[in-house]
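*Asks:* model the following, please.
(4 chains)
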2 protein chains.
Amino acid sequence: MAGLPDTKSAAGANLLFLREEEIRLAQDLLFFAYRDFTGVADTVLEELGLGRAHHRAMHFIGRQPGMTVSELLAILRITKQSLARVLSALIEQGYVAQAQGRTDRRQRLLSLTPRGQALERRLFERQRERLAAAYRDSGAGAVEGFKRVMRGIADTEARAHLDAAEAAGREPKMRTG
Amino acid sequence: MAGLPDTKSAAGANLLFLREEEIRLAQDLLFFAYRDFTGVADTVLEELGLGRAHHRAMHFIGRQPGMTVSELLAILRITKQSLARVLSALIEQGYVAQAQGRTDRRQRLLSLTPRGQALERRLFERQRERLAAAYRDSGAGAVEGFKRVMRGIADTEARAHLDAAEAAGREPKMRTG
DNA sequence: AGAGCACGTCAACGACGCTGACCTAATGGT
DNA sequence: ACCATTAGGTCAGCGTCGTTGACGTGCTCT
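*Replies:* All right, here's what the predicted structure looks like:
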């Protein structure tokens, strides 16, 4: 696999069929899909004076209540400082609550307040509509393919995270920590 | 389609199978895939003192040489002012060239210089590797599904644009304008 | 007791969105 | 030929959200 000739050279060119145009189309797709998927939530956020960063934080906190700040930092891959700004705004406005860690009291376990859950749901619904329409129009097989490819684009660490989330979704909520 | 009951209500709930977890997983996928796909280009851009915005502009200019500023604005959906900043940097540093429109001399037809093409290719190769790996590991059927769903997530205007790009890719380069 | 970690915070900055206002030059309809 | 419209540029100012570096506190673990 590592020693394959360039797509330019003759051998195997139409076997893999990873022509340039195919890749460029995918670039376009990533751009447009991401732009429009986030766009539907942006309009709601704007009314409230919040931004995408706040949405991302709420999304992942809602997905894994009780998560620590470090865990969230690892997912978002932003700096402590950037997250602090976002997080303190969310706490101040009553969207996010923090509790002291039980085993390690330095930790702040993050969760959504009822108010935060309500907002997150509102944002979620907007995105759900768009995604549901896309899924419906594409069929179950296409959805499987979509997930497979997207997973492949994400890096190893992200894949591990996705696996963990999927596993947790099938079982009652409980964390090994 | 407009009159469908909420997924909450009983009827058709497992027909569509658009459970909440399914959608939330897709949100995660969009976030991680986009983060990591753009991430591989970011490291190269950083060396050159350029940002994502410059990459996006170069990508679309390279994809459709001779495009006008207005067309680019419509694709990126940013303001004239934001684009101006990015574009003037690219022109100043010799990555992008502009030519006067033939039929309408007010237009600036944008294209990549050889230097711009070289940089765009360098960025492209990084993303191509990642995407090629994902495609290879997922199979041709999955790739079709991926494209279908992504297209569905993008809005109507974006879909029209994608169709046009795909049609142009199959034919010799020529524009109806 | 001390190393190291979780987390917070201050200061300053950069990239990249945004708005509103105003300019030129070219086009195109009447 | 005139004038509204359009393509594009530009000035001024602002907001969000990313960045770095340094430093402080409190807790855990050995």
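
*Asks:* interface residues of chain A facing DNA strand C?
*Replies:* A:68-70, A:80-81, A:84, A:87-88, A:98, A:101, A:104, A:106-108 (Cβ under 7 Å from any atom of the strand). Bear in mind the C-beta positions are built from the backbone N, C-alpha and C, glycine included.

*Asks:* restricted to strands, list these.
*Replies:* Among the residues of chain A next to DNA strand C, the members falling in strands (DSSP state E) are A:98, A:108.

*Asks:* ok, which of the residues of chain A next to DNA strand C also contact DNA strand D?
*Replies:* Restricting the residues of chain A next to DNA strand C to those within reach of DNA strand D (Cβ under 7 Å from any atom of the strand) leaves A:80, A:81, A:104, A:106.

*Asks:* which single one of the residues you listed is nearest to residue A:166?
*Replies:* residue A:104 (26.7 Å; Cβ to Cβ).

*Asks:* neighbours around the closest residue to residue A:73 other than its chain neighbours, how many?
*Replies:* Distance criterion Cβ to Cβ, 6 or more residues apart in numbering or on different chains; nearest residue to residue A:73, sequence neighbours excluded, is residue A:83 at 5.8 Å. Neighbours of residue A:83 under the rule other Cβ atoms under 10 Å in any protein chain shown: 17.

*Asks:* ok, now which ones touch residue A:22?
*Replies:* Applying Cβ atoms under 8 Å, 6 or more residues apart in numbering or on different chains to residue A:22 gives the contacts residue B:135.

*Asks:* look up how far DNA strand C lies from the residue nearest to residue A:34 when sequence neighbours are not counted.
*Replies:* Closest residue in space to residue A:34, ignoring its immediate chain neighbours: residue B:34 at 4.7 Å, by Cβ to Cβ, 6+ apart. Using Cβ to the nearest atom of the strand, to the nearest Å, residue B:34 is found at 13 Å from DNA strand C.

*Asks:* over to residue A:137?
*Replies:* Distance from residue A:137 to DNA strand C, by Cβ to the nearest atom of the strand: 28 Å.

*Asks:* for residue A:111, helix, strand, or coil?
*Replies:* strand (DSSP: H, G, I helix; E, B strand; the rest coil).

*Asks:* next: residue A:90.
*Replies:* helix.

*Asks:* how about the nearest residue to it once chain neighbours are set aside, phi and psi?
*Replies:* Take residue A:90 and drop its neighbours on the chain: the residue closest to it by Cβ to Cβ, 6+ apart is residue A:96, 4.1 Å away. When read as degrees, to the nearest 10, the backbone of residue A:96 gives phi -130, psi 140.

*Asks:* what's the model's confidence in the longest helix belonging to chain A, averaged?
*Replies:* In chain A, with assignment by DSSP state H, the single longest helix is helix A:20-48. Averaged over helix A:20-48, pLDDT sits at 95.

*Asks:* continuing past that helix, what's the next helix or strand?
*Replies:* Of the helices and strands lying after helix A:20-48 in sequence (DSSP states H and E), the nearest is helix A:52-63.

*Asks:* so what secondary structure elements neighbour that following helix?
*Replies:* Packed against helix A:52-63 by the contact rule (3 or more Cβ pairs under 8 Å, 6 or more residues apart in numbering or on different chains; DSSP states H and E) you find helix A:20-48, helix A:69-76, helix A:80-92, strand A:96-100, strand A:108-112, helix A:114-138, helix B:20-48.

*Asks:* could you identify which of those is most buried?
*Replies:* When you average the neighbours per residue for each of the helices and strands packed on helix A:52-63 (mean count of other Cβ atoms under 10 Å in any protein chain shown), strand A:108-112 leads with a mean of 20.

*Asks:* and the angle for that strand with strand A:96-100?
*Replies:* 150 degrees (axes from the mean of the first three to the mean of the last three Cα atoms, to 10 degrees).
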